[in-house]
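Q: return a 3D structure for these sequence lines:
(chains A, B, C and D)
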Number of protein chains: 2
Amino acid sequence: MTSPALRERDESGAPAAREHDAAAAPAACSSDDLIELLFFAYRDFVGDPDRILAEYGFGRAHHRVLHFVDRYPGLTIAELLDILRITKQSLNRVLKDLIGQGYVAQRPGTSDRRQRLLTCTESGQRLAADLTRVQARRLARALASPEDAAAPESFLMAMIEPDERAVVRRLMARRGGGAA
Amino acid sequence: MTSPALRERDESGAPAAREHDAAAAPAACSSDDLIELLFFAYRDFVGDPDRILAEYGFGRAHHRVLHFVDRYPGLTIAELLDILRITKQSLNRVLKDLIGQGYVAQRPGTSDRRQRLLTCTESGQRLAADLTRVQARRLARALASPEDAAAPESFLMAMIEPDERAVVRRLMARRGGGAA
DNA sequence: GGAATATGTCAACGACACTGACGTATATCG
DNA sequence: CGATATACGTCAGTGTCGTTGACATATTCC
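A: Got it, this is the predicted structure:
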């Protein structure tokens, strides 16, 4: 997957038996470090569903729409635009896909028939659940860490793909260690 | 900025004097809630620098490159590709901008002259610092919250733009309250 | 009946990612 | 020394997802 540029200094030849290496970062963790961890954490957080979505020919935009429609059935277009902060042209493109392929259904509003109340079909709910599952699993794993899960630093590190944590930690260690 | 679709139920006419309303969410916060909070938190987290970048004609891709080159001077192209997980064509597009406009400098590697060691120029460091500042400020504010900042839920809520927290909270309250 | 609202749509464009292929300089190995 | 590998650059085409601007339609509200 990843090219070896950052992995070359592979000191420990041990088969990596340590389980929760989410911590192991010395102590100090500045805001600057957190900025970086948030980048890596979010990257892996959205990476999980991305793989599933690709099988359906969908992207992140579809995911966001599906997620909110699934969680808040009866959502209107205007509300969705408000949440996602995109233009209705952008929304319509992905919404058309989701409706056309039977993942989202619409019905006119009862009190205001101009509105389109959006809901997920059964298959939409299934897909949404699949996507939620992988993200919730990562989250649960991160939260299930030892008591240090309390610190945002540990939380974010635990959100990163386990295999990648050492890479990230090694990268970030370069800031004190210096002369590479 | 935001259209009023989600703001209409504006019960409290008070001029909003409460400072740290990061909490105020009942108690239960499922993984599903966290997924959503992470979306909103990240949205606002990247929104700050986006505004600055727009003044320079830069985008998020430029930000990421600038950030990592600033933090890890001497980074090579291969390492950067590893961190960002993009193709060299994508990287080159933004890197060319940053070098051409004097924010990033390159010099051949000493031990391996095929490598291009990347560093930030002074103006590059200044811009990177500006971008870091707004993100660190948001982070610091989130961490400076009362002791409840420990919980990822509170942390994420505190990362959301203060004006938006009530909107998000109201939206998420719809999941129990139901009949809208 | 006229104005505001909720939504749809056409057209063009920009940022940022991708693939595939090819070119060049430097390093390394036999 | 010559072959092969590596680090990087680049050309060409494509796709997703965001943008703006303008205009059409149905419905509601006054």
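
Q: distance of A:His62 from A:Glu36?
A: The gap separating A:His62 from A:Glu36 is 29 Å, by CB to CB, to the nearest Å. Just so you know, the C-beta spots here come from the backbone N, C-alpha and C atoms, and that holds for glycine as well.

Q: which regions of chain A sit below the pLDDT cut-off?
A: For chain A, the stretches with pLDDT under 70 are A:1-28, A:146-150, A:177-180.

Q: phi, psi of A:Gln89?
A: Phi and psi for A:Gln89, reported as degrees, to the nearest 10, are phi -70, psi -40.

Q: list the contacts for A:Pro73?
A: For A:Pro73, the contact set (CB atoms under 8 Å, 6 or more residues apart in numbering or on different chains) comprises A:118-120.

Q: most neighbours out of those, which is it?
A: In terms of neighbours by other CB atoms under 10 Å in any protein chain shown, these top out with A:Leu118 at 25 neighbours.

Q: list the buried residues of stretch A:122-132.
A: A:124-125, A:127-128, A:131-132 (16 or more other CB atoms under 10 Å in any protein chain shown).

Q: what about it, distance to the chain center?
A: A distance of 16 Å separates the centroid of the chain from that of stretch A:122-132, by CA atoms, centre = their mean, to the nearest Å.

Q: likewise for stretch A:74-87?
A: With CA atoms, centre = their mean, you get 20 Å for stretch A:74-87.

Q: can you map out the strands along chain A?
A: A:104-108, A:116-120 (DSSP state E).

Q: quick one: the first one to strand A:116-120, angle?
A: Counting by axes from the mean of the first three to the mean of the last three CA atoms, to 10 degrees, strand A:104-108 lies at 150 degrees to strand A:116-120.

Q: hey, where'd the helices end up in chain A?
A: A:31-56, A:60-71, A:77-84, A:88-100, A:122-143, A:152-159, A:162-177 (DSSP state H).

Q: in stretch A:69-86, what's buried?
A: A:69-72, A:74-77, A:79-84, A:86.

Q: same question, stretch A:103-123
A: Neighbour count says stretch A:103-123 has A:103-105, A:115-120 buried, by 16+ other CB under 10 Å.

Q: export that stretch as CSV, just CAs?
A: The C-alpha trace of stretch A:103-123 is given here as CSV (Å, rounded to 0.1, in the frame of the first residue of the first chain):
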residue,chain,number,x,y,z
TYR,A,103,-31.2,4.0,-1.7
VAL,A,104,-33.1,7.2,-0.9
ALA,A,105,-36.8,7.9,-1.3
GLN,A,106,-38.7,11.1,-1.3
ARG,A,107,-42.3,12.1,-0.6
PRO,A,108,-43.9,15.5,-0.7
GLY,A,109,-44.3,17.3,2.6
THR,A,110,-47.6,17.1,4.3
SER,A,111,-47.9,20.6,5.6
ASP,A,112,-45.9,22.1,2.8
ARG,A,113,-46.1,20.2,-0.4
ARG,A,114,-43.2,22.0,-2.0
GLN,A,115,-40.8,20.2,0.3
ARG,A,116,-39.3,16.8,-0.5
LEU,A,117,-39.1,14.8,2.6
LEU,A,118,-36.2,12.4,2.3
THR,A,119,-35.9,9.0,3.8
CYS,A,120,-33.7,5.9,3.3
THR,A,121,-35.2,2.8,1.6
GLU,A,122,-34.4,-0.5,3.2
SER,A,123,-31.3,-0.9,1.0
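
Q: quick one: is it near chain B?
A: No: residues of stretch A:103-123 are not located near chain B by CB under 8 Å from any CB of the partner chain, the shortest gap being 9.9 Å.

Q: is that stretch anywhere near DNA strand C?
A: Yes: counting by CB under 7 Å from any atom of the strand, DNA strand C has neighbours in stretch A:103-123: A:106, A:109, A:112, A:114-116.

Q: quick check, that stretch touching DNA strand D?
A: Yes: Stretch A:103-123 reaches DNA strand D (CB under 7 Å from any atom of the strand) through A:111-114.

Q: what would those residues look like in CSV with distance to B:Met172?
A: CSV is the format used below for the residues of stretch A:103-123 next to DNA strand D (distance: CB to CB, whole Å):
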residue, distance to B:Met172
A:Ser111, 23
A:Asp112, 24
A:Arg113, 28
A:Arg114, 26
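
Q: A:His62 touches A:Leu98, doesn't it?
A: Yes: using CB atoms under 8 Å, A:His62 is in contact with A:Leu98, at 6.1 Å.

Q: and chain A, which residues reach DNA strand C?
A: So chain A meets DNA strand C at A:76-78, A:88-89, A:92, A:95-96, A:106, A:109, A:112, A:114-116 (CB under 7 Å from any atom of the strand).

Q: which one of these sits closest to A:Val167?
A: A:Leu95 (37.9 Å; CB to CB).
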